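1. Coordinates only, no sequence provided:
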């Protein structure tokens, strides 16, 4: 089974790293390509066994399953080049939320699916989001579940909830990293603690929090209740968060949804097929 990956930017590289680190694939089962060859070559320095393709057409001819890890507006031109070389036995997988399996399968003869990864998958942790096209063969659905399970907890999500699911799973680490950095900066500014110390303390706290949840010692609500003693210091901090964060995340989801709708319009115009 040969796996092709087109696009070795941030998420394409994480996909390569996760598949190899998990042991699901050997290096010699991977063939990759990138518009900027140097990015693909840098992967080969770390993983000498992988193959570098000269073009997307070479991957279309060589791979059994192909992951499209390029920007949404680059998808349609790419597929126009690849389509004559694809067959019904192959599987094509997009990792971007604005392109649906329905749009893919109206364009190519392959089984089609979507797998949205997360940067947390690099630690063989976190969730990923799976959606299958109507004509995606059962054996490919089973294979993709196994593949995603090797580095994540795959969740099958209905198309209408793809954007919010992606916000949580894929964008969430960036959102909460931003909050953590703001938390650190405020501690440094207000108390004079060294940046390095505050960063180490915060990172260790987040790792410990993740372990508590992972080992199911607490749920999020139970954990807050356990730490937030009535009349205590934590409770005073929670009051500030209640006041200052009111509406923030609602605005966040509104902003990401607006950008998503813009991308949907562009993709639907290119493919001539509705998203849903």
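-> Received the coordinates, thanks. Bear in mind that the values here come from a model prediction, so they are computed numbers and not experimental data.
2. pLDDT averaged over the helix ranked longest in the chain - what is it?
-> In the chain, assigned by DSSP state H, the helix with the most residues is helix 248-271. Averaged across helix 248-271, pLDDT comes to 94.
3. got it, and stretch 66-77?
-> On average, stretch 66-77 scores 94.
4. What of stretch 208-220?
-> For stretch 208-220, the per-residue pLDDT averages 93.
5. what's the span of it from first residue to last?
-> 13 Å (Cα to Cα, to the nearest Å).
6. cool, and stretch 37-57?
-> With Cα to Cα as the measure, what separates the two termini of stretch 37-57 is 15 Å.
7. Stretch 94-102 now?
-> Calculated as Cα to Cα, the first-to-last residue distance of stretch 94-102 is 11 Å.
8. tell me the angle of the helix or strand encompassing residue 242 relative to helix 248-271?
-> Element membership for residue 242, per DSSP states H and E: helix 233-244. Following axes from the mean of the first three to the mean of the last three Cα atoms, to 10 degrees, one obtains 50 degrees for the angle between helix 233-244 and helix 248-271.
9. got the contact list for helix 233-244?
-> For helix 233-244, the external contacting residues (Cβ atoms under 8 Å, 6 or more residues apart in numbering) are 224, 227-229. Where C-beta positions appear, they are placed from N, C-alpha and C, glycine not excepted.
10. Ok, stretch 162-173 next?
-> Against stretch 162-173 from outside (Cβ under 8 Å, 6+ apart): 97, 100, 114, 116-120, 126-129, 131, 155, 157, 252-253, 256-257, 260.
11. cutoff 10 Å now
-> 11, 95-98, 100, 114, 116-121, 126-129, 131, 152-153, 155, 157-158, 161, 175, 249, 252-253, 255-257, 259-261, 263-264, 275 (Cβ atoms under 10 Å, 6 or more residues apart in numbering).
12. quick one on the thing from earlier: among the contacts of helix 233-244, who's most crowded?
-> Of the contacts of helix 233-244, residue 228 is surrounded by the most neighbours, 15 neighbours in total, counting by other Cβ atoms under 10 Å.
13. could you measure the closest residue to that one other than its chain neighbours against residue 207, distance?
-> Leaving aside its sequence neighbours, residue 228 sits nearest to residue 234 (Cβ to Cβ, 6 or more residues apart in numbering; 4.6 Å). Distance, residue 234 to residue 207, by Cβ to Cβ, to the nearest Å: 19 Å.
14. Which one of the two is surrounded by more residues?
-> Taking other Cβ under 10 Å, residue 234 and residue 207 do not tie; residue 234 has more neighbours (13 against 10).
15. if we can go back for a sec, please name whichever of the contacts of helix 233-244 scores lowest on pLDDT.
-> residue 229 (76).
16. what sits against that one?
-> residue 235.
17. would it count as being in a helix?
-> No. Counting by DSSP: H, G, I helix; E, B strand; the rest coil, residue 229 is not found in a helix; it is coil.
18. Flag every buried residue along stretch 33-41.
-> For stretch 33-41, a neighbour-count test (16 or more other Cβ atoms under 10 Å) marks 33-34, 39-40 as buried.
19. Residues in contact with that stretch: which ones?
-> Contacts of stretch 33-41 (Cβ under 10 Å, 6+ apart): 4-9, 12-13, 16, 31-32, 42-43, 50-59, 69-70, 74, 78.
20. again, only using 8 Å
-> Taking Cβ under 8 Å, 6+ apart as the rule, stretch 33-41 contacts 4-9, 12-13, 32, 52-56, 58-59, 70.
21. Any of these buried? List them.
-> Counted by 16+ other Cβ under 10 Å, those give 4-8, 12-13, 32, 52-53, 56, 58-59, 70 as buried.
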